[in-house]
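Colleague: Fold the following, please.
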Amino acid sequence: MRRLATLAAAIALALPLAGTGPGTAHADPAPQGARVQWIDRETIAWPKNLGNPTHPHHLTHTHGTFELTPQPGGLTPQQRAKYPHLATYDAFHLNAHGQERTALTGPLLAETDGVTTGVQIPGVLDDLYAAAAAKARLGPVFRDGRPTLSVWAPTARRVALELDGRTVPMRRDDASGVWSATGPHDWAGKPYRYAVTVWAPTVRKTVTNLVTDPYSTALTADSARSLVTDLADPALAPPGWRNLRKPKAVPLRDAQIQELHVRDFSVADRTSAHPGRYLALADRDSGGMRHLTRLAAAGTSYVHLLPVFDMATVPERRADQAEPPCDLAALPADSERQQRCVAGTAARDAYNWGYDPLHYTVPEGSYASDPDGPGRTREFRQMVQGLSRAGLRTVMDVVYNHTAASGQGEKSVLDRIVPGYYQRLLDDGSVATSTCCANTAPENAMMGKLVVDSVVTWAREYKVDGFRFDLMGHHPKANILAVRKALDALTVAKDGVDGKAVVLYGEGWNFGEVAGDARFVQATQKNMAGTGIATFSDRARDAIRGGGPFDEDPRVQGFASGLFTDPNGATPGTPAEQRARLLHAQDLIKVGLTGNLAGYRFTDSAGRAVTGADVDYNGSPAGYAAAPGDALAYADAHDNETLYDALAYKLPRGTASADRARAQVLAMATAALSQGPSLSQAGTDLLRSKSLDRNSFDSGDWFNALHWDCADGNGFGRGLPPAADNQPKWPYAAPLLADPALRPGCAPIHSASAAYRDLLRIRTSEKAFGLATAEGVQASLSFPLSGRDETPGVITMRLPGLVVVLNATPDERTQPVTELAGHPYALHPVQATGADPVVKTASYTPATGTFTVPGRTVAVFRAGQDG
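Modeller: Now for the predicted structure:
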């Protein structure tokens, strides 16, 4: 017991008086991480083999010690279900005699048999506070013009409001752990921060953190202060905002999506009045907006904006943004000097993709005309209006799975208010970083609430029509379903928006510390099937392009890039092996064309009767969807090389520019003509290149900017891509970049875009491409030539009244569908009168039911027409 008394005394000495600043405390004995978990007010989960289980166990806090009693049988079934990763832990009963809340405001140490470790507390915080806190309205809330500022800080010893140079005390609600202060009307527009006096385990002392509001609705430049802002203030509403009429909502299963970065869109557009800004998407006559309007007229329904919330890494004032001090355009196309110059200013320039969230519910300031103040809210709304005027609905890319920093880091917000709660902790108490950065823990009630509250704010206050969840598999399925439920409750009469029309999709990847539902049922591909929330499908993507995104040799071919039918001499395997891989890729694409349905029955290329789930994708079932709309098809996105760059690596070096454009359109068509939604990276129809950069998140405007004028090229040959993520591929990249034949002129760029728009018109005007149920797909969609004798490099798909032939080979191919003999078909009128002269040579022979299609061509034939 003497050891326990010494520990308690040491802890007490480590606590400074309330109100003192950081750095004034004495350090307490350093524990071995935080390996013990306090999961509810009465239960401690203790790792097996951490100390002697027969010796006394204790939990020491500032004012004394809690004795722990072994719980026979370990955790209860209910506790194991809630915390599956702790299922093998020993359990100890704790009776805190009502001192739980007090104990949680200071350091906690678990000890037995000479072992001392820290304690993880998210579980007990949820048990004590979540029921009441979940009902709280956090951040600035206005009633009759008077603001109340509220922050959840249950472990804080004191919270004060620093408002416009003065300190205002805040009141703590003991049931919820929420601290609040209400002020007069003239608080509106004032800058503020919270002064949170709290135990910070990462530095082992009590600190007073001056921190912005995680529920901020507006910020000063560079996120230095939150602003007391009412988003309902009429001054923040541009003309026409209140009664904005959106384009008709498109069901997710029919959505055609353009993925777009705000700065990429206009920074190099000489016709834009607002280059690099939100307002560029409200311009009426810029090159970029004219192109988006053409896509909308052809059938594109949504623009998906890469992160536009407040990010941590870009200086928001233009005067503070560095530019590469080089004449980049004068350097050779295969030089490494461009990337070196861009890298030299990358940390201080105006560019980042934005997957580094600082404040989740405030528009990013660097895209605003003036980042200092709530004007960014007005301009964001003008952007949404501009997209609506062009015929497009708005999707936001949201990144709730991690924060830019944790602990006492300068860019840490959540973890400096409730240390050890909002971030996901590993078994040793360290912050998980499997997402790239400091993972959050939306399985914890108040992080889950933040996700829901933030999404609802964007939908209601900014009229955002959809959300794409970054690394959605790191969220619990229950959290994403809670978002869906909250959105569904929004109505036009009450909220100004129809929440049921808001679409949701995300990355359902399964990896990291949560993989395999280790901590909760994840929002992964297979788990989200049947929910109406889509996940990106990598199955057909890899089959279309060839290889995978992490191949050391980027030249591995696939269906659209010449595997077996137009070998590049670098793809591994004998001709027979390549043929077999191509046919398997065709099976993957067939599954993709069904909407990635797990239960879809068809004959595979080996002649076997299979379902979508029977087709192998790197050891996993290819088909995982329960209904069309569960899987989102795509051939490229912001991650990895653009489609043009991937084909530059994979197609034979001598492939003509016109044929490269045709291969590009064919690859896009395999996604666009699938059942369910599809997505295309902005500029892909214009053969967009990033000079072979596979990860351009911080590669600056030079490598990322879109070029709407074909005279400016497509971005290929702007130097070797940045070394950090691309240097191992430089030996493959350099000769390609130096080859002027790979820099397309206007003709292939225009032809690719026009052909893609024709296919969009077909996709969105023919109901057969938007079947609503798995049963409907099974009954209506077939692959009549699939089997042992199918043609390598060609897929023929039949739908009610339609036949689609995707010929990825370089040569003309015939496809005899004997059961159609005697039935009239002809090239779809959109293509027959469209922009592509090559597809117009496709033909149909009624006597034999034979379709003849030129090389690298997608032809859609419609029934009931004479050829």
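Colleague: what's the longest strand in the protein?
Modeller: strand 191-200 (DSSP state E).
Colleague: tell me what that strand is packed against?
Modeller: Contact here means 3 or more Cβ pairs under 8 Å, 6 or more residues apart in numbering; DSSP states H and E; on that basis strand 191-200 packs against strand 146-152, strand 158-163, strand 205-211, strand 226-227. No exception for glycine: its C-beta is placed from N, CA and C like everyone else's.
Colleague: my guess is residue 306 contacts residue 262, does it?
Modeller: Yes: using Cβ atoms under 8 Å, residue 306 is in contact with residue 262, at 7.3 Å.
Colleague: how about the helices of the stretch 51-200 of the chain, start to end?
Modeller: Secondary structure of the stretch 51-200 of the chain (DSSP state H, counting those that start in this stretch): helices at 77-82, 100-103, 122-125, 131-133.
Colleague: For residue 577, which of these is the nearest?
Modeller: Residue 577 lies closest, by Cβ to Cβ, to one member of the helices of the stretch 51-200 of the chain: helix 77-82, at 46.7 Å.
Colleague: got the contact list for the closest one?
Modeller: Counting contacts by Cβ atoms under 8 Å, 6 or more residues apart in numbering, the residues outside helix 77-82 that touch it are 39-40, 43, 45, 74, 86-87, 91.
Colleague: Now do the contacts for the closest residue to residue 346 other than its chain neighbours.
Modeller: On the basis of Cβ to Cβ, 6 or more residues apart in numbering, the spatially nearest residue to residue 346 that is not a chain neighbour turns out to be residue 698, at 4.9 Å. Contact criterion Cβ under 8 Å, 6+ apart gives 313, 346, 351-353, 722 as the residues in contact with residue 698.
Colleague: which of these count as buried?
Modeller: Buried subset of those (neighbour count, 16 or more other Cβ atoms under 10 Å): 313, 346, 351-353, 722.
Colleague: Looking at the residues you listed, which is nearest residue 407?
Modeller: Minimum separation from residue 407 among the buried ones among the contacts of residue 698 (Cβ to Cβ) is found for residue 313, which lies at 17.8 Å.
Colleague: give me the element the closest one is part of.
Modeller: Counting by DSSP states H and E, there is no helix or strand that carries residue 313.
Colleague: Which residues are in contact with it?
Modeller: Each residue near residue 313 by Cβ under 8 Å, 6+ apart is listed here: 347, 352, 356, 404, 698.
Colleague: Could you tell me which of these belong to helices?
Modeller: Using DSSP state H, no member of the contacts of residue 313 sits in helices.
Colleague: Which of these fall in strands?
Modeller: Counting by DSSP E, no part of the contacts of residue 313 is found in strands.
Colleague: related to what we said a few turns ago, what pairs with the longest strand of the chain, parallel or antiparallel?
Modeller: On the basis of DSSP bridges, the sheet neighbours of strand 191-200 come out as strand 158-163 (antiparallel), strand 205-211 (antiparallel), strand 226-227 (antiparallel).
Colleague: can you give me the angle it makes with strand 146-152?
Modeller: Computed with axes from the mean of the first three to the mean of the last three Cα atoms, to 10 degrees, the direction of strand 191-200 lies at 20 degrees from that of strand 146-152.
Colleague: pLDDT of strand 191-200, averaged?
Modeller: Model confidence over strand 191-200, given as mean pLDDT, is 98.
Colleague: Quick check: buried residues in that strand?
Modeller: 191-200.
Colleague: Could you do stretch 208-216 as well?
Modeller: Using 16+ other Cβ under 10 Å as the test for burial, stretch 208-216 gives 208-209, 211-216.
Colleague: quick revisit: redo the buried residues of strand 191-200 as JSON lines? Include distance to residue 729.
Modeller: Formatted as JSON lines, the entries for the buried residues of strand 191-200 read as follows, by distance: Cβ to Cβ, whole Å:
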{"residue": "191", "distance to residue 729": "47"}
{"residue": "192", "distance to residue 729": "48"}
{"residue": "193", "distance to residue 729": "45"}
{"residue": "194", "distance to residue 729": "47"}
{"residue": "195", "distance to residue 729": "50"}
{"residue": "196", "distance to residue 729": "47"}
{"residue": "197", "distance to residue 729": "51"}
{"residue": "198", "distance to residue 729": "47"}
{"residue": "199", "distance to residue 729": "48"}
{"residue": "200", "distance to residue 729": "43"}
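Colleague: Now do the contacts for the residue positioned nearest the centre of the chain.
Modeller: Centrality entry for the chain: nearest residue to the mean C-alpha point is residue 470, 2.2 Å, by Cα atoms, centre = their mean. Neighbouring residues of residue 470 by Cβ under 8 Å, 6+ apart: 355, 397-401, 506-507.
Colleague: same thing with residue 393?
Modeller: With contacts defined as Cβ under 8 Å, 6+ apart, residue 393 is in contact with 246-247, 249-250, 301-303, 387, 465-466.
Colleague: one more time with 10 Å, if that's ok
Modeller: In this structure, residue 393 makes contact with 246-250, 255, 257, 296, 300-304, 384, 387, 463-466, 501-503, judged by Cβ atoms under 10 Å, 6 or more residues apart in numbering.
Colleague: Please flag which of these sit within strands.
Modeller: 257, 302-304, 466, 503.
Colleague: Identify, from these, the entry nearest to residue 666.
Modeller: Distance to residue 666, by Cβ to Cβ, is smallest for residue 257 among these, at 19.4 Å.
Colleague: The closest one against residue 676, yeah?
Modeller: No: if you go by Cβ atoms under 10 Å, residue 257 and residue 676 don't touch, sitting 11.4 Å apart.
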